[in-house]
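Asks: The following block contains a protein sequence and its predicted model.
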Amino acid sequence: MSAQPYRSVLYIPGSKERALDKAMGLDCDAIIFDLEDAVAVDEKINARDTLVAALKDKDFGNRARIVRINGLDTDWGRKDVLKMARALREGARIDAILIPKVNDPADLDAVGDLIPDVPLWAMMETSLGMLNAQAIAAHPRLQGMVMGTNDLAKELGARFRPDRLPMLSGLGLCLLAAKAYGKIIVDGVYNAFKDEEGLAAECAQGRDMGFDGKTLIHPAQLSVANTAFAPSEAEIDLAERQIAAFDEARSKGQGVAVVDGKIVENLHIVTARQVLAKAEAIAARI
Ligand SMILES: CC(C)(COP(=O)(O)OP(=O)(O)OC[C@H]1O[C@@H](n2cnc3c(N)ncnc32)[C@H](O)[C@@H]1OP(=O)(O)O)[C@@H](O)C(=O)NCCC(=O)NCCSC(=O)C[C@H](O)C(=O)O
Ligand SMILES: [Mg+2]
């Protein structure tokens, strides 16, 4: 579990000056500055310049700054990476490069060779990527995974359902891989950005599954995700009581405590401490 919060990860088209301005005041944990699907073909080249100027000149505070490039198999991908590498050398802050449609670790190597040092994130959105999730998660440069549920649905020929049944095997494979290697993993977008109830249900499902947060496409979605992926007051209270009860049990030479009629063992204390660390990290962000 990452202590640094990634509850709300907002896509912003790199071409949209107004949205880039607006982002400076939005309550999101991370921003994906997009050069890929949110940018029209005839805006691709200008978007790079607009984005680099924004990354150099605008104050995005402590929000994580992730740049999604076009794939290296497109006309723009290689120049996107080289432009970001140059921006970094010139002092722009870029926290990670997000690579679309990662199929295997070689896709990470190809980008990593062009831009040293900066962490890489992978869009998990192809069936081959799902099948290679373990090898992708194990890559030493990989810091995080982002589910691309639109592309995955397209490739599977799946229908969008409220329970996301057609997605669950892919989501689960990536979750297992990310957790096995201690990487951040963020759920896919909810397209109906005016449907708060539907978004809340999908966030609750993602949180229950173990995702660190949700990718979002519109500012109206931020508060739902921030609430869903933060520890609730009840979870914080329970974590504090579990730690206190376990400490007391240990002082009496016992290895197990009981809180609210349920056993508390060392492994529950690990989770309790993670809950408190996340709550503290969120409080420190504000
Ligand atoms: C979906 C949108 C096109 C809607 O835009 P718009 O019609 O402008 O919405 P509003 O008028 O309601 O906007 C109100 C104000 O909020 C600003 N705004 C809107 N969206 C964003 C944003 N994402 N970040 C920052 N600010 C935003 C507007 O500028 C308005 O500001 P103001 O005028 O000052 O009041 C639009 O929301 C949008 O373009 N969203 C992003 C779409 C996107 O990024 N798509 C690609 C990512 S999804 C994906 O590819 C996932 C994955 O790959 C997969 O396969 O699943
Ligand atoms: Mg996609």
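Replies: That came through, no problem. Ligands and ions are numbered 1, 2, ... in the order given.

Asks: State the distance from the residue located most distally from the centre of the chain to ligand 1.
Replies: Within the chain, residue 252 marks the point farthest from the mean C-alpha position, 42.0 Å out by Cα atoms, centre = their mean. Distance of residue 252 to ligand 1, computed by Cβ to the nearest ligand atom, to the nearest Å: 52 Å. Where you see a C-beta, it was placed from the backbone N, CA and C, and this is true even at glycine.

Asks: check contacts around that residue.
Replies: With contact set as Cβ atoms under 8 Å, 6 or more residues apart in numbering, residue 252 has no partners.

Asks: Around ligand 2, pick out the residues from the stretch 151-286 of the chain.
Replies: Contact residues (Cβ under 5 Å from the ion) of the stretch 151-286 of the chain with ligand 2: residue 151.

Asks: Which helix or strand contains the residue in the stretch 151-286 of the chain that ligand 2 sits nearest to?
Replies: For the stretch 151-286 of the chain, the nearest residue to ligand 2 under the criterion Cβ to the ion is residue 151, separated by 3.7 Å. Per DSSP states H and E: residue 151 is located in helix 149-156.

Asks: After that helix, which helix or strand is next? Please name it.
Replies: Moving toward the C-terminus from helix 149-156, the next helix or strand (DSSP H and E) is helix 168-180.

Asks: which other helices and strands contact that following helix?
Replies: Counting contacts by 3 or more Cβ pairs under 8 Å, 6 or more residues apart in numbering; DSSP states H and E, helix 168-180 packs against helix 127-131, helix 133-138, strand 142-147, helix 149-156, strand 184-187, helix 196-209.

Asks: Single out the most deeply packed of the ones you listed.
Replies: strand 184-187 (a mean of 28; mean count of other Cβ atoms under 10 Å).

Asks: and the helix or strand where residue 227 lies, does that touch ligand 1?
Replies: Using DSSP H and E, residue 227 sits in helix 222-228. No. Judged by Cβ under 6 Å from any ligand atom, helix 222-228 stays clear of ligand 1, getting no closer than 9.5 Å.

Asks: how about that helix: buried residues?
Replies: Within helix 222-228, the residues that qualify as buried are 222, 224-226, 228, counting by 16 or more other Cβ atoms under 10 Å.

Asks: Is it correct that residue 199 is in contact with residue 221?
Replies: Yes. Residue 199 lies in contact with residue 221 (Cβ atoms under 8 Å); the separation is 5.7 Å.

Asks: Find residues that contact each of these two.
Replies: The contact lists of residue 199 and residue 221 share 190, 193, where a contact means Cβ under 8 Å, 6+ apart.

Asks: Touching, residue 263 and residue 254? I think so.
Replies: No. Using Cβ under 8 Å, residue 263 is not in contact with residue 254; the gap is 11.1 Å.

Asks: on that earlier part again, pLDDT value on the nearest residue to the residue of the stretch 151-286 of the chain closest to ligand 2 once chain neighbours are set aside, please?
Replies: In space, and not counting its chain neighbours, residue 151 is closest to residue 125: 3.8 Å by Cβ to Cβ, 6 or more residues apart in numbering. With respect to pLDDT, residue 125 scores 98.

Asks: quick revisit: want to throw the helices and strands packed on helix 168-180 into CSV with distance to residue 268?
Replies: Listed next are the helices and strands packed on helix 168-180 as CSV, based on distance: least, Cβ to Cβ, whole Å:
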stretch, distance to residue 268
helix 127-131, 31
helix 133-138, 26
strand 142-147, 26
helix 149-156, 32
strand 184-187, 22
helix 196-209, 17
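
Asks: In a markdown table, list these along with distance to ligand 1.
Replies: Shown next, in a markdown table, are these (distance: least, Cβ to the nearest ligand atom, whole Å):
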| stretch | distance to ligand 1 |
| --- | --- |
| helix 127-131 | 11 |
| helix 133-138 | 16 |
| strand 142-147 | 7 |
| helix 149-156 | 3 |
| strand 184-187 | 10 |
| helix 196-209 | 13 |
